[in-house]
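Peer 1: requesting a structural model of the entry that follows:
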Amino acid sequence: MVSETPPPAPPGAERRRLAEADARGAAPEASWRDWGPYLAERAWGTVREDYSADGDAWRSFPHDHARSRTYRWNEDGMAGFCDQRQSWCLGLALWNGVDPILKERMFGLSGPEGNHGEDVKEYWWYLDGTPTHSWQRWRYHYPQAEFPYDDLLETNEGRGKDEGEYELVDTGVFDDGRYWVVTVDYAKAGPHDLVMQITVENAGPDEATIQVLPSFWFRNVWSWDAPTDVVRKPVIRSTAPSELTAYRPDAEELVLRIDGLDATALFCENETNTERLFDEPTTSPYPKDGINDFVVSGAPTVNPAGEGTKAAFQQVLTVPAGESRVIRLRLSEAREAGPASTAFDDAASVLARREAEADEFYAHVIPAAAGEQDARIARQAFAGLTWAKQFYHFDVRRWLAGDPSSPPPPEGRRAIRNGDWRHLSSHDVILMPDPWEYPWFAAWDLAFHCVTMAHIDPEFAKAQLVLMLREWYMHPNGQLPAYEWNFGDVNPPIEAWAALRVFEIDGSRDHHFLGRVFHKLLMNFTWWTNNKDHGDNNLFEGGFMGLDNIAPLDRSTLPPEVGVLEQADATAWMATYALHLLDMALLLTRHDPAYEDVATKFFEHFLVIAGSANDAGLWDEEDAFYYDMLHLADGTTIPMRVRSLVGLVPVTSALVFARSHMGALEEFVARGAAFLARYPAYATSVHIRSRTDEVKSLLALVTPERLERILGKVLADERMLSPYGIRSISAWHREHPFRVQVNGVEAVVDYEPGESTSGLFGGNSNWRGPVWFPLNTLIIESLRGYDESLGETHLVEYPAGSGQTHTFGEIADDLSDRLISLFRSDGVAPRPADARYPLLSTDPRWRDNIAFYEYFHGDTGQGLGASHQTGWTALVAHLIVTQRRR
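Peer 2: Residues are numbered from 1 along each chain as shown. Okay, here's the model as predicted:
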């Protein structure tokens with residue numbers, strides 16, 4: 001159970017802005033959060049933009065279309081800002097003078113093009129950011145040589161899944177240091193008064209020229225309705241030298257100014273170049289790629305009248321070797337813009353003040369004891385979360401039916417995906433797993449994001465958890481949406497855990513929030529019990545459960561005629577879900593006794609599920625581990641003897657609570673005692689004992705004795721214990737692969753510490769050996785719970801076979817430190833996460849820029865998968881902030 005003592009609120013300007021934004025509630029237009037970095041790094045290749053007959057989103061809208069084709073649902077760009085409705089966007093374009101196209105968005109390979117699925121092929125970082133976006137910093141390294149688009153594509157396509165990915169560093173474009181270091185800083189003078197500073201450093205040995213094109217455009221909302229429902233079109237006009245005015249039919253005019261008179265304003269329309277893409281007449285001679293074609297090839301594709309729905313200031317900079325140039329812009333509402341002559345008088349002071357305030361803010365968030373390096377890691381992880389907030393627009397009903405202004409979508413599209421989710425309608429700013437590789441919400445990822453976000457912005461974290469439970473997201477049957485590729489997929493029910501942790505981090509005081517999510521979670525829990533317990537025996541299914549390829553079989557597509565897979569992880573997740581709802585009910589009972597009945601229900605439900613997990617075949621006494629059980633149609637039962645995180649999820653099913661809290665709940669205590677008297681086996685199947693002083697009690701699926709046996713089997717260097725955390729599958733399987741025959745087909749699982757060697761689940765993630773943050777974090781938390789209940793006298797051998805003994809708390813601390821060490825560097829040896837490329841963590845221009853990868857090599861710690869996964873990998877900041885100091 002969480003603490004009831006609220007933490008002291010740190011002082012400072014950013015905290016005051018947060019309080020002001022929170023107080024405004026339903027008036028976001030006046031809030032400091034209204035403008036932010038809500039522009040995705042990628043909108044092409046998404047399900048939303050796919051109107052094809054076969055559902056191939058990558059080929060339906062490829063990167064080559066992005067510069068010329070209007071997006072239907074949301075925009076993308078580099079270093080972008082927009083408002084919460086994304087009515088307008090501010091971003092950056094660059095041209096090195098030799099590339100075939102402007103650099104307006106990050107380049108990467110689509111799922112079918114990469115040898116391990118989709119993968120971005122650029123280097124940029126989210127270096128800083130505050131919750132109100134009063135201060136943000138972004139950095140990008142742009143080659144001066146022609147960008148090797150074709151080389152990256154062809155070389156990766158030619159590699160097999162057993163080979164590493166071919167990255168931009170491998171092409172040699174950075175070998176002689178000829179690149180631009182482009183830093184974009186944003187600082188708000190007020191909620192709707194934004195200073196943008198672009199710093200361009202020539203890292204090369206010779207003078208070089210670059211074109212910098214800060215760009216402003218409107219999201220196209222006028223091309224989709226029937227001619228009878230005309231949407232008034234906004235317009236951007238040049239209203240003075242170095243000044244643009246954006247006229248919006250439904251909102252205040254905006255003024256964008258650039259400091260200096262040597263910039264040229266260019267205009268086109270945010271409308272598709274149908275002639276280039278589809279060999280059809282265009283609606284405008286100045287289409288979306290008009291500025292690109294004008295700059296790169298001199299085509300007459302910008303509007304000489306000085307107006308459009310997309311505009312850019314063109315600035316040509318020649319910079320000597322090692323020197324930098326600075327460009328400043330200011331975007332304001334017209335009524336606040338003031339005279340042009342003084343627009344930049346206070347720009348430098350606004351930038352300096354907001355950065356200093358960010359320093360002050362994070363000094364209160366990150367403990368001083370963390371040290372300088374860990375503080376930098378945590379701060380950049382938090383920054384990545386602020387940049388991962390993206391405007392997400394998707395009306396599934398309209399997407400399935402098509403727009404009135406467009407031809408009807410092909411027949412059969414509803415059968416491809418999401419046909420049962422017509423109620424889902426999103427028009428919100430949501431934390432995304434990765435702004436490029438995963439520019440769409442994922443419900444279970446989001447739960448982890450919110451826990452870390454709560455350390456810097458608990459109100460936003462709470463709002464995100466509430467949002468996913470609202471009726472325009474949650475299915476009427478109680479299921480939560482997974483992600484746009486298939487909203488009906490099933491992920492672990494982790495939202496209750498996240499709500500409790502956010503509640504705790506916020507001071508354990510917002511019972512209104514807790515009650516609000518509790519009622520919706522009851523619906524989701526009921527959906528699980530009604531749909532994922534095939535045998536009505538409290539042993540649950542669920543499919544891949546977010547762990548992709550961890551099993552020998554695709555757990556999501558097992559045909560019913562083959563059999564039923566009763567899953568150790570799904571069953572444990574449901575036991576944990578019951579515990580968390582029990583915890584919520586107990587907390588809410590202190591304010592409303594009506595919740596006492598529900599607390600009793602979840603106490604009993606936990607015991608029933610945990611009893612089944614322990615006594616109905618999932619636990620293997622000889623191996624001291626939990627396994628999935630495959631029940632074939634012919635009556636054969638096959639245990640899936642893979643030592644993986646699947647079998648460690650039961651360890652996370654534990655709740656610590658204070659015995660004193662039970663004193664007033666006489667009916668709950670009496671009913672619990674009566675239930676155990678009626679079913680005495682549950683008292684021995686699970687752990688419900690407490691320390692002798694009875695200050696803390698532990699209710700756990702796994703008894704301490706079993707936990708000690710489990711850890712002794714897996715937490716050894718040659719097993720699941722990596723130098724950088726717990727592996728997803730034991731390294732023992734390197735020499736001892738698990739094999740199973742189903743319907744005459746052999747399925748195999750071995751230890752693959754790096755990227756996946758199969759195409760299962762797209763091939764862009766791998767749970768067969770690498771280290772992942774989310775489950776490591778849950779295991780660490782659970783071990784601390786055991787320690788809190790059992791005390792310092794309970795010692796176990798760790799690492800297994802070492803002869804050394806430690807408390808569960810000390811083991812948790814060591815695991816936490818192993819995870820954090822992935823990002824540490826002494827400046828000489830590369831940090832483990834970047835071990836493959838020493839340039840990234842030893843070169844002075846690179847080493848302080850940290851990439852937060854999706855997962856990590858089980859042996860070396862090399863970062864793999866998505867490289868901006870400050871979704872759940874941002875949990876490193878949570879670990880640093882909550883780390884016990886010894």
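
Peer 1: strand partners (parallel or antiparallel) of the helix or strand where Tyr126 lies?
Peer 2: Secondary structure from DSSP states H and E places Tyr126 in strand 124-129. Within its sheet, strand 124-129 is paired with strand 135-143 (antiparallel), according to DSSP bridges.

Peer 1: please confirm that Leu212 is located within a strand.
Peer 2: Heads up, residue 212 is Val, not Leu. Yes: secondary structure of Val212 (DSSP: H, G, I helix; E, B strand; the rest coil): part of a strand.

Peer 1: that one contacts Gln315, doesn't it?
Peer 2: Yes: between Val212 and Gln315 there is a contact at 4.9 Å, judged by CB atoms under 8 Å. To be clear about C-beta, it is placed using only N, CA and C from the backbone, and glycine gets the same treatment.

Peer 1: list residues touching both of the two?
Peer 2: Both Val212 and Gln315 are contacted by Ile327, under the criterion CB atoms under 8 Å, 6 or more residues apart in numbering.

Peer 1: for Thr301, grab phi and psi.
Peer 2: Note on Thr301: its backbone torsions stand at phi -120, psi 20 [degrees, to the nearest 10].

Peer 1: since we're on it, how many residues are nearby?
Peer 2: 22 (other CB atoms under 10 Å).

Peer 1: residue contacts, it?
Peer 2: Counting by CB under 8 Å, 6+ apart, Thr301 has contacts Cys268, Pro285, Tyr286, Pro287, Asp289, Gly290, Ile291, Asp293, Phe294.

Peer 1: export these to TSV and tack on distance to Ala624?
Peer 2: Shown next, in TSV, are those (distance: CB to CB, whole Å):
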residue	distance to Ala624
Cys268	66
Pro285	73
Tyr286	70
Pro287	65
Asp289	62
Gly290	67
Ile291	64
Asp293	66
Phe294	69
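
Peer 1: next, give me the two most distant ones among these.
Peer 2: Spatial extent of the contacts of Thr301 (CB to CB) is set by the pair Pro285 and Ile291 at 13.2 Å.

Peer 1: tell me which of those two has more neighbours.
Peer 2: It is Ile291, of Pro285 and Ile291, that has more neighbours when counted by other CB under 10 Å, with 28 against 13.

Peer 1: the more buried one contacts Trp95, doesn't it?
Peer 2: No: applying CB under 8 Å, one finds Ile291 not in contact with Trp95, separated by 10.2 Å.

Peer 1: quick one: common contacting residues for the two?
Peer 2: What both Ile291 and Trp95 touch, as defined by CB under 8 Å, 6+ apart, is the set Leu102, Leu213.

Peer 1: from the structure, what's the count of residues near Ser730?
Peer 2: When neighbours are counted by other CB under 10 Å, Ser730 comes out with 25.

Peer 1: doesn't Val714 make contact with it?
Peer 2: Yes: between Ser730 and Val714 there is a contact under CB under 8 Å: 6.1 Å.

Peer 1: now do the shared contacts for these two.
Peer 2: Arg643, Met720.

Peer 1: run through the helices of the stretch 1-150 of the chain in chain order.
Peer 2: Secondary structure of the stretch 1-150 of the chain (DSSP state H, counting those that start in this stretch): helices at 13-24, 57-60, 63-66, 149-157.

Peer 1: so the longest one versus strand 135-143, what angle?
Peer 2: So that's helix 13-24. 110 degrees (axes from the mean of the first three to the mean of the last three CA atoms, to 10 degrees).

Peer 1: okay, helix 13-24 in CSV with CA atoms only?
Peer 2: Extracted in CSV, the C-alpha atoms of helix 13-24 (Å, rounded to 0.1, in the frame of the first residue of the first chain):
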residue,chain,number,x,y,z
ALA,A,13,9.0,29.3,-11.6
GLU,A,14,8.3,26.0,-13.4
ARG,A,15,6.3,24.7,-10.5
ARG,A,16,4.3,27.9,-10.4
ARG,A,17,3.6,27.5,-14.1
LEU,A,18,2.5,23.9,-13.6
ALA,A,19,0.1,25.0,-10.8
GLU,A,20,-1.3,27.7,-13.0
ALA,A,21,-1.8,25.3,-15.9
ASP,A,22,-3.5,22.7,-13.6
ALA,A,23,-5.8,25.3,-12.1
ARG,A,24,-7.1,26.2,-15.5
